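Trainee: please find the sequence and the predicted model below.
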Protein chains: 2
Amino acid sequence: MIDVFAKESKNINNKDVNNINIRANAPNPFIKIIQDKYELKTKLKDIKYKIGVYSAKGGVGKTTISINLAYSLAQKGLKVGLLDADIDCPNITIFLGIEDSISNEYPLKPIVYKDVKVISTAMLVDDLKKPIIWRGPMIAKMITDFLKNTEWGNLDYLIIDLPPGTSDAPLTIMQLLDLSGFIIVTTPQKVSSINSIRSGLMARRLNMPIIGVIENFSKEKLNENTKNVADKLSTEVLGAVKNADKFADMTDKGIIQVLNDDEIKKTFDSIVNKIENYIKNK
Amino acid sequence: MIDVFAKESKNINNKDVNNINIRANAPNPFIKIIQDKYELKTKLKDIKYKIGVYSAKGGVGKTTISINLAYSLAQKGLKVGLLDADIDCPNITIFLGIEDSISNEYPLKPIVYKDVKVISTAMLVDDLKKPIIWRGPMIAKMITDFLKNTEWGNLDYLIIDLPPGTSDAPLTIMQLLDLSGFIIVTTPQKVSSINSIRSGLMARRLNMPIIGVIENFSKEKLNENTKNVADKLSTEVLGAVKNADKFADMTDKGIIQVLNDDEIKKTFDSIVNKIENYIKNK
């Protein structure tokens, strides 16, 4: 079923809009995804590149990597947005130290923080500590509404911090958005590398390109497990982020690493150059 | 809606079986959950205590904590089961170093590994690296089937390693199983403590008792954030697990910490004593 979705919805483009009506006999959710996808394509047409940061396993550092990629790109003078797509467990505002931000306009306006436009469902709730409890179909609907009703304006890059797992939430985003590519986050631990392969295979099954792999919590040299992930996914290792303790400590204080630490900035500048090369040569 | 489920389904017991029919006019999913819950209560009647290990945030160590709790209890001569309830992203067999285990009987028989009965959806797939991609309703159905069709036999304790998030998967388990209580896993990081409060509030909203909080990746002394989590949830800190690097290294090698390291064993023995005291005084 999913393979069909991926194949069919991948091929849609502006001139396919008429086909949507012709397919009125197709199963309803399928039509719905194609319609949503088309509508989103129009709404987000002023965003040049959309990049998903993903790992099926939680706690590998998707959010901090997303933040540092976004701010590295912004430091180069590019227009950048940062979307916290973890709808039920949003954490970006905590990491940025702006957990009291509220977005109360509709359609939603991202909050501009240090030159990056940021949006998160955390900005829509009155108390961050209250859990957001939703069933799967509600999550898919919420993500779709959230994507449709955020006004990004012109952007060079939109960095999307995906939720963990291989089910509803990442699946919906992969099906809806025409991503320029995925970045898979992994760590030196064996369990993380197995999950990173799962993540990459899921992206591939949905016909999404993989830009490369970033190793987080790195030790002195790149781990063999990480090389194995890149090999298995026929992609490259974009970089390794060291100094886990310093990194975590800065996160806890709401300090954006690439704006405050030259060594970390150098690591991310190199990663961002590789991403830009990938995008240009695509 | 969820509050109603929790309140109604909490009160069900053996003599309520007739009420199920009387409620035939109630919305369908509600009837279904009560029926499933009753059926599970009967199926799992030979399990004395069911304990959920939970955190809304991934990567805080739910799985390693679950494993070490299970093996600490087993070392005391108790009959213990370990359920990997992360249906779409199962990791317990990797952590135990038994990732090639296959369970091919039906109803499912847990695999007995070093005196603990273990079951995971990882035992039902031919290749662990392939992603399991399901929509929310499928996950809820899969969890229900999985719980109903596993033959545990007599157990003193069933330790349940819950998936992250606050949506379908943990929600289904909280609604279906009559848990003796929850253990919330947290880390010294601020973002983890906020998510732990979310987790505890979700458990409480579903009328589930919280046994206590375990701090993982601990430094020398207990973090103020962790004390704050316990205060906010009106519960106690059960213990702090230090030596994160040694711990991770043993996990990567499939070594169960409490069976091989006296210091870690001491930490978990103390935690397990507190859990047993809680259960006895309930």
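Mentor: Everything's here; your move.
Trainee: contacts and neighbour counts: CA atoms only from here.
Mentor: Noted.
Trainee: what lies in contact with stretch A:115-129?
Mentor: Outside of stretch A:115-129, the residues that reach it under the criterion C-alpha atoms under 8 Å, 6 or more residues apart in numbering or on different chains are A:70-71, A:74, A:79-88, A:90-93, A:99-104, A:109-112, A:152, B:194-195, B:197-198.
Trainee: got a quick PyMOL command for the buried subset of the residues you listed?
Mentor: To isolate the buried ones among the contacts of stretch A:115-129 in PyMOL, judged by 16 or more other C-alpha atoms under 10 Å in any protein chain shown, type:
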select buried, (chain A and resi 70+71+74+79+80+81+82+83+84+85+86+87+88+90+91+92+93+99+101+102+103+109+110+111+152) or (chain B and resi 194+195+197+198)
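Trainee: among the contacts of stretch A:115-129, which lie within strands?
Mentor: By the criterion of DSSP state E, membership of the contacts of stretch A:115-129 in strands covers A:80-84, A:111-112.
Trainee: mind listing the helices for the stretch 101-250 of chain A?
Mentor: A:136-148, A:168-176, A:190-205, A:224-232, A:244-252 (DSSP state H, counting those that start in this stretch).
Trainee: how close does the residue most central in space within chain A sit to residue B:268?
Mentor: Centroid-nearest residue in chain A: residue A:160, 2.5 Å away (criterion: C-alpha atoms, centre = their mean). Remark: distance between residue A:160 and residue B:268 (C-alpha to C-alpha, to the nearest Å) = 39 Å.
Trainee: and the residue nearest to residue A:94 when sequence neighbours are not counted, how many neighbours?
Mentor: Nearest in space to residue A:94, with sequence neighbours left out and distances taken as C-alpha to C-alpha, 6 or more residues apart in numbering or on different chains, is residue B:191 at 6.3 Å. Close neighbours of residue B:191, defined as other C-alpha atoms under 10 Å in any protein chain shown, add up to 19.
Trainee: interface residues of the stretch 1-150 of chain A facing chain B?
Mentor: Residues of the stretch 1-150 of chain A lying near chain B by C-alpha under 8 Å from any C-alpha of the partner chain: A:56-60, A:88-89, A:91, A:94-95, A:128-137.
Trainee: I'd like to know which of these are buried.
Mentor: Buried members of the residues of the stretch 1-150 of chain A next to chain B, counted by 16+ other C-alpha under 10 Å: A:56-60, A:88-89, A:91, A:94-95, A:128-137.
Trainee: secondary structure element for residue A:66?
Mentor: helix A:62-75 (DSSP states H and E).
Trainee: could you pull up the mean pLDDT of that helix?
Mentor: The pLDDT scores in helix A:62-75 average 97.
Trainee: what does that helix rub up against?
Mentor: Helix A:62-75 has contacts (C-alpha under 8 Å, 6+ apart) with A:53-55, A:79-82, A:91-92, A:95, A:115-116, A:157-162, A:185, A:251, A:256-259, A:265, A:268-269, A:272.
Trainee: can you check stretch A:193-212 too?
Mentor: Outside stretch A:193-212, the residues touching it (C-alpha under 8 Å, 6+ apart) are A:2-3, A:6-7, A:10, A:54-57, A:166, A:174-175, A:179-187, A:225-226, A:229-230, A:232-233, A:235-238, A:275, A:278, B:89, B:128-131, B:133.
Trainee: how about it: buried residues?
Mentor: Applying a neighbour-count criterion of 16+ other C-alpha under 10 Å, one finds A:193-203, A:206-212 buried in stretch A:193-212.
Trainee: tell me the gap between that stretch and the middle of its chain.
Mentor: Centre-to-centre, stretch A:193-212 and its host chain are 13 Å apart (C-alpha atoms, centre = their mean, to the nearest Å).
Trainee: repeat for stretch A:110-120
Mentor: Distance, centroid of stretch A:110-120 to centroid of chain: 15 Å (C-alpha atoms, centre = their mean).
Trainee: repeat for stretch A:126-146
Mentor: With C-alpha atoms, centre = their mean as the basis, the distance from the averaged C-alpha position of stretch A:126-146 to the chain average is 17 Å.
Trainee: same question for it, mean pLDDT?
Mentor: Model confidence over stretch A:126-146, given as mean pLDDT, is 82.
Trainee: repeat that for stretch A:233-244.
Mentor: When pLDDT is averaged over stretch A:233-244, the result is 95.
Trainee: buried ones in it?
Mentor: So, applying 16+ other C-alpha under 10 Å, buried residues of stretch A:233-244: A:233, A:235-242.
Trainee: export the residues you listed to JSON lines and tack on distance to chain B?
Mentor: Shown next, in JSON lines, are those (distance: C-alpha to the nearest C-alpha, whole Å):
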{"residue": "A:233", "distance to chain B": "11"}
{"residue": "A:235", "distance to chain B": "16"}
{"residue": "A:236", "distance to chain B": "19"}
{"residue": "A:237", "distance to chain B": "19"}
{"residue": "A:238", "distance to chain B": "22"}
{"residue": "A:239", "distance to chain B": "21"}
{"residue": "A:240", "distance to chain B": "18"}
{"residue": "A:241", "distance to chain B": "17"}
{"residue": "A:242", "distance to chain B": "15"}
